[in-house]
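Chemist: Pasted the sequence and its predicted model underneath.
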Amino acid sequence: MKHGYETANCANYNLLKQFATYNRKYCTDAEGIMWTRLSNNQLGCKFRRQHIIGDYIVDFVCLKNKLIIEIDGKYHNSKQQQEEDKKRTEYLNGLGFMVVRFTNDEIIGNIDGVIETISQHIINNTY
């Protein structure tokens, strides 16, 4: 029997786990800022960071509320990456998750506004 946090594709788990561990250890500045505000149930729900869902590693997820927070750096501006992000979001939406995206600049320049947006998603269950 699987637990609620066991969301990974078993076939790729070991490789993805290595990437997730690396990403947690060497996070971006924006990810570090976000984690300081999401960790320890500060928004009233538990978030995990660099969590594997299927064949993807999401930046942050609240499994209980099925809410994923993605932080996009500049490389997400390329047409190819935007197509990949769309495919990824459609897959995650298909599993019942709501994906909310923020840029590095939004996190660094307006973390309070970002947290307010996330809080509203949690309060209003807009997913």
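Modeler: That came in fine, so what should we check first?
Chemist: roughly how far is the lengthiest helix in the chain from the heart of the chain?
Modeler: Longest helix in the chain by number of residues, with DSSP state H as the criterion: helix 79-94. Chain-centre distance of helix 79-94: 13 Å, with Cα atoms, centre = their mean, to the nearest Å.
Chemist: so what secondary structure elements neighbour the lowest-mean-pLDDT helix or strand in the chain?
Modeler: Using mean pLDDT, DSSP states H and E, helix 13-25 stands out as the lowest-scoring helix or strand of the chain, at a mean of 83. Using 3 or more Cβ pairs under 8 Å, 6 or more residues apart in numbering; DSSP states H and E as the contact criterion, the elements in contact with helix 13-25 are strand 48-53, strand 56-62. (C-beta placed from N, C-alpha, C; glycine too.)
Chemist: Quick one: closest of those strands to D29.
Modeler: strand 56-62 (13.2 Å; Cβ to Cβ).
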